[in-house]
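S.K.: Fold the following for me, if possible:
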Amino acid sequence: MISVCLADNLPAVHFGVKSYFRDHPEINVVANVAEFPLILEALKNKKIDVLVVDLELKGLKNIFDLKSLISNNPNMKIIVYTSLNEQVYASNFIKAGVSVFLHKSSKLETLGITIVNVAQGLISKETTRGFPNYRGGNEIYRKLSNREVEVLRFLSNGKKNSEISKILGLNEKTISTYKLRLLKKLNVSNLVDLVNKANNLVLV
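M.R.: Sure, this is the predicted structure:
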């Protein structure tokens with residue numbers, strides 16, 4: 001039996017996923033958490049084979065939190081299960097060691113197939129059906145570093161430099177540097193155009 005921890009902010013997601021897999025012959029949801037620190041608590045008390053986590057989970061600050069989880073728990077597989085666009089985020093998270101990036105628009109049946117295949121060391125073709133270039137992502141986003149993607153995400157959500165610096169634990173001047181790099185790489189001259197281009201590119 002595959003032991004799964006679901007990490008998501010939304011009670012409806014917890015209810016839906018746990019209900020769907022209640023009688024599954026291969027999957028057992030042994031932990032439901034709504035904050036990143038609670039994943040660490042669950043790992044202390046339970047054997048978890050697969051972590052299914054939303055990138056917008058409370059307390060999950062950046063990609064390095066997941067890299068640390070992967071490093072400290074080499075036998076646990078991670079599936080990112082999120083509403084954030086795979087063309088923007090998938091490539092960097094796969095590089096960080098995440099097994100699969102799966103969009104929440106996918107059916108729970110697909111999530112189940114993915115969990116089983118990831119636990120067995122396989123990657124289901126169904127997990128890439130919506131994003132054929134998912135290992136590479138959009139050509140432009142492939143040029144962005146993990147930090148640049150994170151900063152772009154927060155800028156797109158209306159965060160100010162000062163707010164982003166606190167979230168990521170970086171100097172505000174460093175955030176400004178990342179913003180300048182993003183403007184150059186996305187070939188725009190101001191924040192409004194940067195956000196608009198980012199929003200348009202995720203549809204490609």
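
S.K.: Domain-wise, how is this structure divided?
M.R.: Domains of the chain are assigned by automatic domain parsing as 2-128, 141-201.

S.K.: And the ones you listed, which one averages the lowest pLDDT?
M.R.: Among the domains of the chain, domain 141-201 carries the lowest mean pLDDT, a mean of 84.

S.K.: How far off centre is that one?
M.R.: 17 Å (Cα atoms, centre = their mean, to the nearest Å).

S.K.: and what of stretch 96-108?
M.R.: That offset, for stretch 96-108, works out to 8 Å (Cα atoms, centre = their mean).

S.K.: circling back to that earlier point, now the domains of the chain in TSV, with mean neighbour count?
M.R.: From N, CA and C alone the C-beta is placed, and that goes for glycine too. Listed next are the domains of the chain as TSV, based on neighbours: other Cβ atoms under 10 Å:
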stretch	mean neighbour count
domain 2-128	17
domain 141-201	16
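
S.K.: for this structure, what's the longest helix?
M.R.: Using DSSP state H to define each element, the chain has its longest helix at helix 172-185.

S.K.: so where do the helices sit in this protein?
M.R.: Under DSSP H, the chain gives helices at 11-20, 36-45, 63-72, 86-96, 108-119, 146-156, 161-168, 172-185, 191-201.

S.K.: Between these, which one is closest to Val80.
M.R.: Closest approach to Val80 among the helices of the chain is made by helix 86-96 (5.6 Å; Cβ to Cβ).

S.K.: May I have the closest one exported as PDB, CA atoms only?
M.R.: The C-alpha trace of helix 86-96 is given here as PDB (Å, rounded to 0.1, in the frame of the first residue of the first chain):
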ATOM      1  CA  GLU A  86       2.900  24.200 -15.600                       C
ATOM      2  CA  GLN A  87       4.500  26.100 -18.500                       C
ATOM      3  CA  VAL A  88       5.900  28.500 -16.000                       C
ATOM      4  CA  TYR A  89       6.700  26.400 -13.000                       C
ATOM      5  CA  ALA A  90       7.100  22.800 -14.000                       C
ATOM      6  CA  SER A  91      10.600  22.900 -15.500                       C
ATOM      7  CA  ASN A  92      12.300  24.400 -12.400                       C
ATOM      8  CA  PHE A  93      10.500  22.100 -10.000                       C
ATOM      9  CA  ILE A  94      11.300  19.000 -12.000                       C
ATOM     10  CA  LYS A  95      15.000  20.100 -12.000                       C
ATOM     11  CA  ALA A  96      14.700  20.500  -8.200                       C
END
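
S.K.: what's that helix packed up against?
M.R.: Where contact means 3 or more Cβ pairs under 8 Å, 6 or more residues apart in numbering; DSSP states H and E, helix 86-96 is packed against helix 63-72, strand 77-82, strand 100-103, helix 146-156, helix 191-201.
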